[in-house]
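Undergrad: Below are the sequence and a predicted model for it; my questions follow.
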Amino acid sequence: MSITTHSPEETEAFARNLAASLKEGDILALTGDLGAGKTHFTRGLANGLNIPADVAISSPTFSIVQEYSGGRLPLYHFDFYRLESPHDLLDLGWDDYLDAGAITVIEWADKFPELLPPHTSWWHLSHGAEGSRTIAEKIH
Amino acid sequence: MILALDTSSNHGDLAVVSLDGESIFHAPFRTERSHNSTLFPLLEEMFEALGDRSLLSHIAVGTGPGSYTGCRIGIAATQALSLALGIPVTGVPSICGILGAPQHIAVCGDARRGSFFYVEVKDGVMIDTPILGDQEFLVKSLACSGLPAFSLDSRSPLDDSQNITLAKVDAMTLASRVDVNIPSEPPTPIYLAAPFVSTPKVRPTRT
Ligand SMILES: Nc1ncnc2c1ncn2[C@@H]1O[C@H](COP(=O)(O)OP(=O)(O)OP(=O)(O)O)[C@@H](O)[C@H]1O
Ligand SMILES: [Mg+2]
């Protein structure tokens, strides 16, 4: 499936709706260029999981992972951008995160596709005409 | 007395055992990701029950293979206790702490991303390091050895027809593996090396 959004709010709204269908252990891998909207997408997810609105959600580019609780399910937000090797990720206890029964969302997930389990759902965000964005689910 | 702790899976176990094997304190617990809210109150409870900390002379800690974070938290916590109490800590493979296991067993588990580990425990000692391989490798290893098979995973690493007994680590059994006459080395987690090395598929360019 694929949709086009015309504002950050529309991207968030799309992810917010998607959140309703998520169950524990689900993994969303986000790909797409710088500024494509991966973090806005994640904000929508957090909102849809009823994570308190007063927590600010930004790319965990330097912290690599941010954990959000207080919602329907915990949300683990990863950003692989700065990770250099798959071992760096394993050394964060990656497998334990996947076992924890939370929702995991990953920006720049295509850096280490081999570390993502088969049931991961992949979403590609791309820049379109006049500042629009296309969000497409990919079969990986 | 020996304090023994295992946090390598979601079934944590804490025990204090006298040097002749008598149980002084025993508390199984559910671990969670951070471990803080379960482990530390439990340690306090144990100290309270014990009354006198100086009764403890050794610490044993389960080193896996198991949860990455879990093994490290158990090791870090016991190393801190070791420093604070001035007593040695010994790492014992968690798989050597299976209660009532026969004298010679095979232990296996899911090592993720399509790989599995196989290792044998004889007389309470791990023989060699765990070997990693694919599902077929594990099926064959179990069949060839013909040993009773155990796993500490929460579900069977292979399908039910393989007859793998799901077990939990028993801290008292773990304590019984410690030879108090042998000087201990700092515990290190048993690491199941990822059977792949790869370079990033994409190189993001951010300016
Ligand atoms: N339809 C849209 N959906 C999402 N963001 C949009 C859209 N139109 C414009 N934008 C703008 O694009 C930017 C998207 O930023 P965001 O941080 O979500 O990107 P990102 O993919 O996470 O980038 P990075 O790779 O740097 O983490 C924001 O500045 C946002 O205002
Ligand atoms: Mg981002």
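TA: Perfect, thanks for sending it. Ligands and ions are numbered 1, 2, ... in the order given.

Undergrad: would you list every one of the helices in the chain?
TA: Looking at chain A here, since you left the chain open. In order along the chain, chain A carries the following helices (DSSP state H): A:8-19, A:38-48, A:86-90, A:94-99.

Undergrad: if you could check chain B rather than the one you did, that'd help
TA: Going by DSSP H, chain B shows helices at B:36-50, B:68-85, B:135-145, B:171-176.

Undergrad: if you compare those helices, which one is most tucked away?
TA: Compared across these, helix B:171-176 shows the largest average neighbour count, a mean of 24 (mean count of other Cβ atoms under 10 Å in any protein chain shown). C-betas here are computed from N, CA, C, even on glycine.

Undergrad: other SSEs contacting that helix?
TA: The elements that helix B:171-176 packs onto, with contact taken as 3 or more Cβ pairs under 8 Å, 6 or more residues apart in numbering or on different chains; DSSP states H and E, are strand B:2-6, strand B:11-17, strand B:23-30, strand B:58-62.

Undergrad: Identify the residue of chain A closest to chain B, quick one.
TA: Residue nearest to chain B within chain A (Cβ to the nearest Cβ): A:G93, separated by 4.0 Å.

Undergrad: Can the worst-scoring helix or strand of chain B on mean pLDDT be said to contact chain A?
TA: When each helix and strand of chain B is scored by mean pLDDT, DSSP states H and E, helix B:36-50 comes last, with a mean of 91. No - Helix B:36-50 does not reach chain A (Cβ under 8 Å from any Cβ of the partner chain); its nearest approach is 12.5 Å.

Undergrad: quick one: that helix to strand B:23-30, angle?
TA: 170 degrees (axes from the mean of the first three to the mean of the last three Cα atoms, to 10 degrees).

Undergrad: What are the contacting residues of helix B:36-50?
TA: Outside helix B:36-50, the residues within contact range by Cβ atoms under 8 Å, 6 or more residues apart in numbering or on different chains are B:1, B:3, B:7, B:12, B:14, B:16, B:24-25, B:27, B:29-32, B:53, B:56, B:73, B:77, B:81.

Undergrad: Just the buried ones among these, please.
TA: Among those, those buried by neighbour count (16 or more other Cβ atoms under 10 Å in any protein chain shown) are B:1, B:3, B:7, B:12, B:14, B:16, B:24-25, B:27, B:29, B:31, B:56, B:73, B:77, B:81.

Undergrad: For A:F62, give its distance to B:D13.
TA: Note on A:F62: its distance to B:D13, by Cβ to Cβ, to the nearest Å, is 37 Å.

Undergrad: The two: which is more packed in?
TA: More crowded of A:F62 and B:D13, by other Cβ atoms under 10 Å in any protein chain shown: B:D13, with 26 against 8.

Undergrad: My read is that that one contacts B:F25, right?
TA: No - the pair B:D13 and B:F25 does not pass the contact test of Cβ atoms under 8 Å, sitting 11.4 Å apart.

Undergrad: Name all residues that make contact with B:L3.
TA: Contacts of B:L3 by Cβ under 8 Å, 6+ apart are B:14-16, B:46, B:56, B:58-60, B:78, B:81, B:175.

Undergrad: measure it to chain A for me?
TA: From B:L3 across to chain A, the span is 24 Å (Cβ to the nearest Cβ, to the nearest Å).

Undergrad: same thing with B:V107?
TA: 18 Å.

Undergrad: Now do the strands in chain A.
TA: A:2-5, A:27-31, A:65-68, A:75-79, A:103-107, A:121-127, A:133-138 (DSSP state E).

Undergrad: need these in a markdown table with mean pLDDT and distance to ligand 2, can you?
TA: Output for the strands of chain A, formatted as a markdown table (pLDDT from 0 to 100; distance: least, Cβ to the ion, whole Å):
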| stretch | mean pLDDT | distance to ligand 2 |
| --- | --- | --- |
| strand A:2-5 | 96 | 16 |
| strand A:27-31 | 98 | 8 |
| strand A:65-68 | 96 | 11 |
| strand A:75-79 | 97 | 6 |
| strand A:103-107 | 98 | 5 |
| strand A:121-127 | 98 | 10 |
| strand A:133-138 | 97 | 13 |
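
Undergrad: Need these in JSON lines (columns: distance to B:F40 and mean neighbour count).
TA: Listed next are the strands of chain A as JSON lines, based on distance: least, Cβ to Cβ, whole Å; neighbours: other Cβ atoms under 10 Å in any protein chain shown:
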{"stretch": "strand A:2-5", "distance to B:F40": "46", "mean neighbour count": "15"}
{"stretch": "strand A:27-31", "distance to B:F40": "31", "mean neighbour count": "24"}
{"stretch": "strand A:65-68", "distance to B:F40": "19", "mean neighbour count": "18"}
{"stretch": "strand A:75-79", "distance to B:F40": "23", "mean neighbour count": "24"}
{"stretch": "strand A:103-107", "distance to B:F40": "27", "mean neighbour count": "25"}
{"stretch": "strand A:121-127", "distance to B:F40": "37", "mean neighbour count": "18"}
{"stretch": "strand A:133-138", "distance to B:F40": "43", "mean neighbour count": "18"}
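
Undergrad: Kindly reformat the ones you listed as TSV and extend each row with distance to ligand 1.
TA: Compiled in TSV, the strands of chain A are given as follows (distance: least, Cβ to the nearest ligand atom, whole Å):
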stretch	distance to ligand 1
strand A:2-5	4
strand A:27-31	7
strand A:65-68	13
strand A:75-79	6
strand A:103-107	5
strand A:121-127	6
strand A:133-138	4
